[in-house]
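*Asks:* how would this look folded up:
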Amino acid sequence: MQKAPNELYLSSVLGKTVIDNQGRALGKLRDLIMTPGEIFPEVSHILVENGKTSFKVAWEDIQLFNSFVISTVSTDCPRTDYTPSEGEILMKRDILDKQIVDVNGAKVVRVNDLKLGNHREMLCVYAVDVGLSGLMRRLGYQAIVNRVAGLLNRELPHQEISWEYVQPLDMNASSLTLTVARDQMAEMHPADIANIISQIPSSSIPTVLTTLDSETAGEAIHELEPELRSRVMSQLDDEHASEILEEMAPDEAADVLGDLPEEKAQQLLDMMDEEDAEDIQELMEHEEDTAGGLMNSEYLFIGPDLTVEDALRQVRLLAPEIETVYYLYALDDDEKPQGVISLREILIHPPQTPVAEIMTTNLKTVRIDSKPEEILEIIAKYNLIAVPVLDEEDKMAGIVTVDDILEVFLPNTLKRRRHHH
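*Replies:* Numbers count the residues shown, from 1 in each chain. Below is the predicted model of the structure:
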């Protein structure tokens, strides 16, 4: 006869009376102590509470363990007072009610119950229950849950996450933040990652960011509110922070650095690739609410005398480095824009067509000190995705994209921020 059933919820045994093999009550079940098992965590001891004191009983000294009866093998368990030790994980104390980052749903969920089961004569944790039924069951409403399920002719949704997907965020068990399948994190939209980052304890943030590649981490950081963004940046070690900044678009990196204390920003710039750092520094010098402050210094440009085929080759070469690739700007030797052509035009014309024939020459542009209102007006009036910014000498300095300009005008609540990828 096996001592534990194949399926059991922690909530159904907590608080149950534990008896010895003579049927005498030893106390109530207070908690289960777990150790890492081969696949699933295993219960090594049960913790019994008797009045003011608690003592632990090893799993091998347990005879039966189910929701009706918990009994020990012998009559005389050694009852030494239990003292918590470092690294020990207690199910109720450490996992129940803790929050789990549910990567699939891009939200933080609460652990309402733990599903235990028999595995090679050991009691293991199979799954964490984060659904409504877990909460109801825990509050003692199992009968109601069954009744409602009966009325609806179906079970209330269980939301269980198998333990395989649950990993401690840091190995120190006392702060067990559980996270679901990390490799999925890289595929999430940066705005969703930012949403998760803003909900977890700040001490866990660097751990989450280390599991992402620098580019995704950078996009997620840029999505955060400025104040949280600065806090996160100052928590990361400088090397990691500067790597993340190098992967960001220069205008986004400038935003992030602009919020940091000057020394810190300088320190990070010094560690970065020189060219990247120069681009970012130039952008940081402009007033925040002008075209210069809003622009991105990376854009696609071509010589005015290319054919469509050459232009496409140029696009392939430069595009990986560039955030906005809808327009190509034809620049002369003085870096002055002669015309603009959309990527769509390039794709639909025959390869040998000269770009000069199909580009739009009367360019709508803004000055480096143009105010957001003027930029928005031009972008809206001519239905542009981006508008070129000219410096004092009429040279092309960068582009302001429609999402960057809208961000200035949208109230914070609407800022679902950029929807890249």
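
*Asks:* ok, the closest residue to residue 51 other than its chain neighbours - contacts?
*Replies:* Spatial nearest neighbour of residue 51, excluding adjacent residues (Cβ to Cβ, 6 or more residues apart in numbering): residue 27 at 7.7 Å. Every residue, glycine included, has its C-beta placed from N, CA and C. By Cβ atoms under 8 Å, 6 or more residues apart in numbering, the contact list for residue 27 reads 17, 18, 48, 49, 50, 51, 54, 55.

*Asks:* how about residue 92?
*Replies:* Residue 92 neighbours (Cβ under 8 Å, 6+ apart): 10, 14, 30, 31, 32.

*Asks:* doesn't residue 29 make contact with the second one?
*Replies:* Yes. Distance between residue 14 and residue 29: 6.0 Å, which falls inside the contact criterion (Cβ atoms under 8 Å).

*Asks:* circling back to that earlier point, could you identify the buried members of the contacts of residue 27?
*Replies:* Those of the contacts of residue 27 that meet the buried threshold are 18, 48, 49, 54, 55, by 16 or more other Cβ atoms under 10 Å.

*Asks:* and the furthest pair within those?
*Replies:* For these, the farthest-apart pair by Cβ to Cβ is 18 and 54; their separation is 11.3 Å.

*Asks:* give me the common contacts of those two.
*Replies:* Common neighbours of residue 18 and residue 54 (criterion: Cβ under 8 Å, 6+ apart): 27, 48.

*Asks:* circling back to that earlier point, between residue 14 and residue 29, who's got more neighbours?
*Replies:* Per other Cβ atoms under 10 Å, whichever of residue 14 and residue 29 has more neighbours is residue 29, with 21 against 17.

*Asks:* what sits against the residue lying closest to residue 30 once chain neighbours are set aside?
*Replies:* Leaving aside its sequence neighbours, residue 30 sits nearest to residue 49 (Cβ to Cβ, 6+ apart; 3.9 Å). Neighbour list for residue 49: 27, 28, 29, 30 [criterion: Cβ under 8 Å, 6+ apart].

*Asks:* now name the helix or strand holding the first one.
*Replies:* Think residue 27. strand 25-35 (DSSP states H and E).

*Asks:* which positions in that strand come out as buried?
*Replies:* Buried residues in strand 25-35, counted by 16+ other Cβ under 10 Å: 26, 27, 28, 29, 30, 31, 32, 33, 34.

*Asks:* now the helix or strand just after it: average pLDDT?
*Replies:* Reading on from strand 25-35 to the C-terminus, the next helix or strand found by DSSP H and E is strand 42-50. Averaging pLDDT along strand 42-50 gives 91.

*Asks:* sounds good, over and out.
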